[in-house]
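Asks: For reference, the sequence and a predicted model appear below.
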Amino acid sequence: MDDQQRLAAYVEVWKQAVDDFVALLESLPEQDWSLPTDLPGWDVRAVASHTAHLEGILAGGPEETAEVGEPAHVSGFLGLYTEIGVVNRRELPVSEIVEEIRQAAKTRYAMLRADPPTDASAKPEVIFGGVPWSWETLLRNRPLDVWMHDQDVRRAVGRPGGMDGEPARHTAEYLAEALGFVLAKKVGATPGTTAVLELAGSEPFAFTVNDAGRGERLPAVPPSPQVTLRMDRESFVCLAGGRRPAPGPVAVEGDAELGQRILDSLATTP
C-alpha cells in the first residue's frame, strides 16, 4: 500500500469514527452532557466541545482564543490549548456543538477526497495548535482521538458499544505499537527482554529491548518471551489510554513482576 492509499484509509476510518460519535451525541438527553468522564475536569460537554474545536480548525476554521486560566487538571501547553474549545462552548446549546462537529467533518472529508494528500511525510498546511505533525501522524491520530472520546462518553453515560468496528481496531493497534517504548523506556527492561501482547481481535504484538536500549518490534512471537499479557480490547484501551483500571480480565504469563510493571506503565496518551 503506497502513501496515498494508506492516508486515504486513515481518512475513511476517521470519518466512520466521527459519524459514530455524532450519532451517539445526538442520542443523549441533555442532562447526560453534564456527566463526568474519565478525563479529569471534563464532562461529556467538554469532550464534545474539544472535538468540535479541533475538527473546526482542520476544516478551515480560524484558530480560537480564550482565557482558560489555570485549571487544576491541566498541565503543559497542549493541555491549555485543548481547554480553549471547552471554554468557548460552555454556553452553547448542545445541538449546536453536535452540528458543528457534523459540518466540520463533512467539509473536511470533502476537502480530503477532492485533494487527497499523497506524501505521508509532508506537512499539512492546516493543523491545530501548530503541532509539527506530518500527514501520516495527523491522519493516523484523528481516528484514535475521536474514537477514544466516543468511548469516554459511552463510559460516562453507561452506553457501551463501538468495540468491534474499524475505528476500535485502528486505535487499539496504534496504541499497541507503543509497547516497545513502555518496555524499554518506562519500565527500563534490560536488553534482550521480550514481551508479547495478545490482544483480542488483533494479531499478537511482540517486542524486545535491543542492545541500544530501545524497544523494537519483532516480526514474530518468540518461543519463550519473558512475559505475555492477554486482555480484551476494551481493557487494553482503558489502560493504554490512561482512563481507568481494566474492566475485563488481564492475564500475565511468565515474569509476573515484569508483567505488573508493564501494566502499571501502559498509559501512553496524555
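Replies: All right, it came through fine.

Asks: residues in contact with the lowest-mean-pLDDT helix or strand in the chain?
Replies: Here the helix or strand of the chain ranked lowest by mean pLDDT, DSSP states H and E is helix 76-88, holding a mean of 92. Here helix 76-88 makes contact (Cβ atoms under 8 Å, 6 or more residues apart in numbering) with 42, 45-46, 49-54, 64-68, 71, 74, 128-129, 131, 270. Placement of C-beta: from N, CA and C, glycine included.

Asks: ditto for stretch 213-229
Replies: 177, 179-185, 189, 191, 193-198, 204-210, 250-256, 258-259, 262-263.

Asks: just the buried members of those?
Replies: With burial judged by 16 or more other Cβ atoms under 10 Å, the buried subset of the contacts of stretch 213-229 is 179-180, 182-184, 189, 193-198, 204-209, 250, 252, 255, 258-259, 262-263.

Asks: Can you pick out the ones from the residues you listed that are in strands?
Replies: If you go by DSSP state E, these have 194, 195, 196, 197, 198, 205, 206, 207, 208, 209, 250, 252 in strands.

Asks: Pick out whichever of those sits closest to residue 31.
Replies: residue 250 (33.8 Å; Cβ to Cβ).

Asks: thinking that closest one is in contact with residue 235, fair?
Replies: Yes. With contact defined as Cβ atoms under 8 Å, residue 250 counts as touching residue 235 (5.8 Å).

Asks: What's the end-to-end length of stretch 260-268?
Replies: Start-to-end span of stretch 260-268 (Cα to Cα, to the nearest Å) is 16 Å.

Asks: In that stretch, which residues have enough neighbours to count as buried?
Replies: 261, 262, 263, 265, 266, 267, 268.

Asks: Can you tell me, leaving aside adjacent residues, what's nearest to the last one?
Replies: Computed as Cβ to Cβ, 6 or more residues apart in numbering, the closest residue to residue 268 that is not its neighbour in sequence is residue 178, at 4.3 Å.

Asks: Name whatever forms a beta bridge with residue 198.
Replies: residue 230 (DSSP bridges).

Asks: contacting residues for it?
Replies: 204, 228, 229, 230, 231.

Asks: Compare the residues you listed and tell me which is most surrounded.
Replies: Within these, neighbour counts (other Cβ atoms under 10 Å) peak at residue 229, which reaches 26 neighbours.

Asks: Could you count how many residues lie near residue 130?
Replies: Neighbours around residue 130, by other Cβ under 10 Å: 9.

Asks: now it: how far from residue 173?
Replies: 28 Å (Cβ to Cβ, to the nearest Å).

Asks: re the thing from before, list the buried residues for the least confident helix or strand of the chain?
Replies: 80, 81, 82, 83, 84, 85, 86, 87, 88.

Asks: now, among those, which is nearest to residue 147?
Replies: residue 82 (16.8 Å).

Asks: one step back: pull out the buried residues from the contacts of helix 76-88.
Replies: 42, 45, 46, 49, 50, 51, 52, 53, 54, 68, 74, 128.
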